[in-house]
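> Take this sequence and fold it.
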Amino acid sequence: METKTPTSTPSNFIKNIVIEDLNSGKVSQVVTRFPPEPNGYLHIGHAKSIVLNFELADEFKGLTNLRFDDTNPVKEDTEYVESIKADVEWLGFKWDGLFFASNYFEEMYNRAVILIRKGLAYVDDQTADQIRESRGTLTAPGTNSPHRDRSVEENLSLFERMRAGEFKDGERVLRAKIDMSSPNINFRDPVIYRVVHAHHHNTGDAWCIYPMYAYAHPIEDAIEGVTHSICTLEFEDQRPFYDWVIRECEMPNVPRQYEFARLNLTNTVMSKRKLKQLVDEKAVDGWDDPRMPTISGLRRRGFTPEAIRTFAREIGVARSNSTVDAKMLDHFIREDLKLKALRTMGILNPLKVVITNYPEDSVEMLDAENNSENPEMGSRQIPFSREIYIEQEDFMENPPNKYFRLFPGNEVRLKNAYFIKCNDFVKDDSGKVIELHCTYDIETKSGSGFTGRKVKGTIHWVDAKSAVPAEFRLYEPLILDDQEDENASFLENLNPNSLQIVQGFVEAGMKEAKPHDKFQFFRHGYFNVDPKHTTSDKLVFNLIVSLKSSFEV
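Numbers count the residues shown, from 1 in each chain. Purely as a prediction, here's the structure:
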């Protein structure tokens, strides 16, 4: 698959279908739905579907339902239901109807009875392995079950006994009776009901038989009056069965299914099964780990709903699979934050600087603009005194050519402050530089209009006396596509450098920063106050995205 880059006009072939359906009178009102299974947390791929369904209906003054396809009690939980609702609302959308597939279980059962009475469904005693083996292959037809020709009466009785709980899990299933020689394997008598003795999060123990997703989904759409049932391309081969269920179950409303290419991102796991494995095996800090592509993970890392919505629109809606560069998502969060985020100073790898000619007990307040691209954000006062911290990388004892930061005898500008010149330094027993001794020039104060000489380097800093200790969490992709070993297990391909934790300092004024507050730290990037690890005594910042990228729109 080729890597996809944005275009000036994002494609959306489904929108064109909707326009045609409205103009031709095929539909009078657009009704879409977002139908997650409550067996995990939503990820960025779901965000694409959410934006598509909700904004499509909104554009044409239609309706969008949030429906939980909860037909598998073994894997589902109310935790997932609540997280999905929270994610949809955080993204900025409100559903018109909230539904559960489990609310339709009685209707689905009755429609299955209709199929049995029409001779289009039968109870099969074969095991799951036997059914799988008898389905055939892409080149060989399947073989009929020995129970395929049971009478209508026997099938009705067995199906009723399945519901009554007389059979064990897997002992019997109900199959649609279609065509075991069909070139579409989905038509080879698919299972539509199975026996599962498990507690359901919504219906409790009322049922011990549960419909299969492929059978339940079209019925749910029809009951809710959905006009455009939008799903991803892997369901394309299921569409004939979707239409068969609608027709043969005699549903009064006839929805249509349309498939689009799912979202694939570079260096990103999009499989819900693999995401759950990461959580279960504690390879990450839960579903909301900032390295995860889940909505909750992106939110905790610091992504905004505006950036995610824009990303989802700009990648377009197409029929062909492609892979989107993850840097494109980074681009849109930069664009969203560049006029919103306070631009401040944070030191991630501190090196102490003593300004030897500055008065020992003096502290002065300096003016600093909050965002050079957004004057309306105003300015702030930052303290400055004899001792400050700078980044370790802003000093070199023996610098290469064109190194314009601090080195012995060189002068630089402290942002929003003064020129300082390095005169000496102190090393520890291992030979590491731990302290610089510098002098400042009082005439060079920022904003004073000084033009006596120029310096080529400007570095950031924080006042040592008032600086607030902070933890910085720096992220790389959890998966590196170019290092993936196809012969290794999934977890063996994780990037060992996906998380780096460093201790540093931020400006004194950030002491009151709250979870989800966002800042741009000069030269480092955009950061979000972590809502999980930040306490009243400890500030933790998550790197959202670096300041620059090679990605171009």
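> can you pull out the strands in the stretch 51-200 of the chain?
Assignment of strands within the stretch 51-200 of the chain using DSSP state E, counting those that start in this stretch yields the ranges 63-68, 97-100, 121-124, 173-176, 191-195.
> Which of those strands sits closest to R132?
When the strands of the stretch 51-200 of the chain are ranked by distance to R132, counting by Cβ to Cβ, first place goes to strand 191-195 at 10.1 Å. (Glycine included, C-beta is placed from N, CA and C.)
> helices and strands around the helix or strand following the closest one, which ones?
Taking DSSP states H and E as the definition, the helix or strand that follows strand 191-195 towards the C-terminus is strand 209-211. Taking 3 or more Cβ pairs under 8 Å, 6 or more residues apart in numbering; DSSP states H and E as the contact definition, the neighbouring helices and strands of strand 209-211 are helix 105-117, strand 191-195.
> Dump those to CSV, plus distance to R334, mean pLDDT and mean neighbour count.
Shown next, in CSV, are the helices and strands packed on strand 209-211 (distance: least, Cβ to Cβ, whole Å; pLDDT from 0 to 100; neighbours: other Cβ atoms under 10 Å):
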stretch, distance to R334, mean pLDDT, mean neighbour count
helix 105-117, 47, 98, 18
strand 191-195, 48, 98, 20
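> can you list those in JSON lines and add distance to A513?
Written out in JSON lines, the entries for the helices and strands packed on strand 209-211 read as follows (distance: least, Cβ to Cβ, whole Å):
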{"stretch": "helix 105-117", "distance to A513": "49"}
{"stretch": "strand 191-195", "distance to A513": "52"}
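> Looking at those, which is nearest to D87?
Across the helices and strands packed on strand 209-211, the minimum distance to D87, taken as Cβ to Cβ, is reached by helix 105-117, at 25.7 Å.
> Kindly export the closest one (C-alpha atoms) in PDB.
This file holds the C-alpha atoms of helix 105-117, laid out as PDB (Å, rounded to 0.1, in the frame of the first residue of the first chain):
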ATOM      1  CA  PHE A 105     -32.800  -9.800  20.900                       C
ATOM      2  CA  GLU A 106     -36.500 -10.700  21.000                       C
ATOM      3  CA  GLU A 107     -37.000  -9.200  17.500                       C
ATOM      4  CA  MET A 108     -33.900 -11.000  16.200                       C
ATOM      5  CA  TYR A 109     -35.200 -14.300  17.600                       C
ATOM      6  CA  ASN A 110     -38.500 -13.800  16.000                       C
ATOM      7  CA  ARG A 111     -36.900 -13.000  12.600                       C
ATOM      8  CA  ALA A 112     -34.900 -16.200  12.900                       C
ATOM      9  CA  VAL A 113     -38.100 -18.100  13.500                       C
ATOM     10  CA  ILE A 114     -39.400 -16.600  10.200                       C
ATOM     11  CA  LEU A 115     -36.300 -18.000   8.400                       C
ATOM     12  CA  ILE A 116     -36.900 -21.400   9.900                       C
ATOM     13  CA  ARG A 117     -40.600 -21.400   8.800                       C
END
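> Tell me what angle that helix forms with strand 191-195.
Orientation check (axes from the mean of the first three to the mean of the last three Cα atoms, to 10 degrees): helix 105-117 against strand 191-195 gives 120 degrees.
> before we move on, the earlier item: closest one to V74 among the strands of the stretch 51-200 of the chain?
Proximity of the strands of the stretch 51-200 of the chain to V74 was assessed by Cβ to Cβ; the nearest stretch is strand 191-195, lying at 10.7 Å.
> re the thing from before, out of the strands of the stretch 51-200 of the chain, which gets nearest to L499?
Set against L499 and scored by Cβ to Cβ, these come closest in strand 63-68, at 32.6 Å.
> who touches that closest one?
Here strand 63-68 makes contact (Cβ atoms under 8 Å, 6 or more residues apart in numbering) with 29-38, 53-54, 57-58, 81, 84-85, 88, 93, 95-102, 220, 224, 226.
> Weed out the non-buried ones from those.
By the neighbour-count criterion of 16 or more other Cβ atoms under 10 Å, the contacts of strand 63-68 include these buried positions: 30-38, 53-54, 57, 81, 84-85, 88, 93, 95, 99-102, 220, 224, 226.
> Which one of the strands of the stretch 51-200 of the chain lies nearest to S320?
Across these, the minimum distance to S320, taken as Cβ to Cβ, is reached by strand 63-68, at 25.6 Å.
> can you confirm Y403 is in a helix?
No: residue assignment for Y403, taken from DSSP: H, G, I helix; E, B strand; the rest coil, gives coil, which places it outside any helix.
> what residues are up against the closest residue to it other than its chain neighbours?
Setting aside the residues directly before and after it, Y403 is nearest to M396 in space (Cβ to Cβ, 6 or more residues apart in numbering), at 6.0 Å. The neighbourhood of M396, defined by Cβ under 8 Å, 6+ apart, consists of Y403, R405, L406, F407.
> Report the separation between the first one and G431.
By that I understand Y403. Distance check for Y403 against G431: by Cβ to Cβ, to the nearest Å, it reads 20 Å.
> swap in the last one?
In this view, F407 and G431 are 16 Å apart by Cβ to Cβ.
> of those two, who's got more company?
The neighbour count for F407 versus G431, taken as other Cβ atoms under 10 Å, is higher for F407 (18 against 7).
> so that one touches P400, yeah?
No: under the contact definition of Cβ atoms under 8 Å, F407 does not touch P400, with a separation of 10.0 Å.
> if we can go back for a sec, so which of the helices and strands packed on strand 209-211 comes closest to N72?
Closest of these to N72 is strand 191-195, at 9.6 Å (criterion: Cβ to Cβ).
> where's that closest one relative to the chain centroid, distance-wise?
33 Å (Cα atoms, centre = their mean, to the nearest Å).
> who does it touch, helix- and strand-wise?
With contacts taken as 3+ Cβ pairs under 8 Å, 6+ apart, strand 191-195 sits against helix 105-117, helix 152-164, strand 173-176, strand 209-211, helix 213-224.
> switch to 6 Å and redo it
If you count contacts as 3 or more Cβ pairs under 6 Å, 6 or more residues apart in numbering; DSSP states H and E, strand 191-195 packs onto strand 173-176, strand 209-211.
> residues of the longest one that come out buried?
The neighbour-count criterion (16+ other Cβ under 10 Å) identifies V173, L174, R175, A176 as the buried residues of strand 173-176.
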